[in-house]
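S.K.: With the input below, show me the fold.
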Amino acid sequence: MEEIADTTGNMVIRYGLSTFFLFLIILIVRMGIHHSLFRSTELSVETRRRWAVNLRNGLLFLFILGMIFIWAPQLQTFAVSVFAVAVAFVLATKQIIDCLSGSALRVLTKAYSLGDRIEIGGIRGNVVDHNALTTTVLEIGPGQTSHQYTGRAMVIPNSFIFNHPLTNETYTKKYRLHIVTVPLSTDDDWKTAERLLLQAGEEEAAPFIDEARTYLKKLEGKLWLDAPSVEPRVTIQLPEPGRINLLLRVPCPTQYPSRMEQAILRKFLAEFSFAPRLVIQESHSSH
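M.R.: Residues are numbered from 1 along each chain as shown. Sure thing, here's the model as predicted:
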């Protein structure tokens, strides 16, 4: 019995030391590469952050793989016990497994990556971090038409991808088609408004419209998409009696829809005059 205990103790020590040295090597490699990334001035902050996250996730995968190789011989001895423990572990950690599965689905489908603007489960924002269990976004809002940061960071379990529809607003990466909505009343001169809105959109899109057209055309073969027209255009909606919505579709850089929208609206408002609104005032006189 003492010999068996000594043998088991020696094996645990050997495997434990191997695990420790593996962890130490991974840690040194991560610190070294992180130090190089932070000192690099040639790469943008977004690129360095993307590399840092990919490095962390890659080294974590290597550490887990190394642990499997180190402890596999020992685990084979207790295969039956391990199986029973594994079943209990699966039942006890169902939520964690769902998150891991959601992470795998994200990788396989390329649903989103760092820097993308997504909406899932009522949460909308830019992805700034993701790992095996969660995704962190900087919230944008309020509402669907806002493009301003709220200052809050939202941590989303990766299991959400199974239970909620996912919208990726920056799927085309560099350029996107953005909608600017201008509400009018039927008393307003909507034809003039349409012309001025389209003119403002064409002026703002002019510096990069050719590049956007070429870029989206390239995606047609790469992503199996029909390349949409990038020419600014205005469509009309009648949401309710007495109301008219002008919807301007215009190409813009993916990361700056708010700047584009504000520039267009300011040019439009500087030129367009709304019809006078009838204001009914009730005056009460005392007798």
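
S.K.: Tell me which helix or strand in the chain has the weakest average pLDDT.
M.R.: helix 79-92 (a mean of 71; mean pLDDT, DSSP states H and E).

S.K.: Buried residues, it. List them.
M.R.: By neighbour count with 16 or more other C-beta atoms under 10 Å, helix 79-92 contains no buried residues. Yep, even glycine has a C-beta here, placed from its N, CA and C like the rest.

S.K.: got the contact list for whatever helix or strand comes next after it?
M.R.: With elements assigned by DSSP states H and E, the helix or strand that comes after helix 79-92 is helix 94-109. Helix 94-109 is contacted from outside by 90, 111-112, 130-135, 157-162, using C-beta atoms under 8 Å, 6 or more residues apart in numbering.

S.K.: which among those residues gets closest to K267?
M.R.: Using C-beta to C-beta, Y112 is the member of the contacts of helix 94-109 that sits closest to K267, with 32.9 Å.

S.K.: Check the contact between that closest one and V127; I expect there is one.
M.R.: Yes: the pair Y112 and V127 qualifies as a contact (C-beta atoms under 8 Å) at a distance of 5.8 Å.

S.K.: Now do the shared contacts for the two.
M.R.: By C-beta under 8 Å, 6+ apart, Y112 and V127 have these common neighbours: 118, 135.

S.K.: Need the pLDDT of L100.
M.R.: You'll see L100 listed with a pLDDT of 88.

S.K.: what's the longest helix along the chain packed up against?
M.R.: Counting by DSSP state H, the longest helix found in the chain is helix 2-39. Counting by 3 or more C-beta pairs under 8 Å, 6 or more residues apart in numbering; DSSP states H and E, the packing neighbours recorded for helix 2-39 are helix 45-77.

S.K.: what comes up buried for the helix it packs on?
M.R.: Residues of helix 45-77 classed as buried by neighbour count (16+ other C-beta under 10 Å): 48-49, 51-53, 59, 63, 66, 70.

S.K.: mind showing which ranges of this structure have poor pLDDT?
M.R.: 1-12, 41, 73-82, 143-146, 220-227, 277-287 (pLDDT under 70).

S.K.: which residues does T254 contact?
M.R.: Going by C-beta under 8 Å, 6+ apart, T254 touches 117, 170, 172-176.

S.K.: That one and Q199, how far apart?
M.R.: 24 Å (C-beta to C-beta, to the nearest Å).

S.K.: Over to R259?
M.R.: R259 is 18 Å from Q199, by C-beta to C-beta.

S.K.: Would you show me how to pick out the buried ones of the contacts of T254 in ChimeraX?
M.R.: One line in ChimeraX is enough to select the buried members of the contacts of T254, burial here meaning 16+ other C-beta under 10 Å:
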select :117,170,172,175,176
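
S.K.: okay, now L216: neighbour count?
M.R.: Neighbour count for L216, taken as other C-beta atoms under 10 Å: 22.

S.K.: Going forward, the N-terminal residue is numbered 58.
M.R.: Okay, residue one is now 58; in that scheme the one you just asked about reads as L273.

S.K.: Would you check that it makes contact with Y232?
M.R.: Yes: between L273 and Y232 a contact is recorded at 6.3 Å, counting by C-beta under 8 Å.

S.K.: hey, what's in contact with both of those two?
M.R.: With C-beta under 8 Å, 6+ apart as the test, L273 and Y232 both reach 287, 308.
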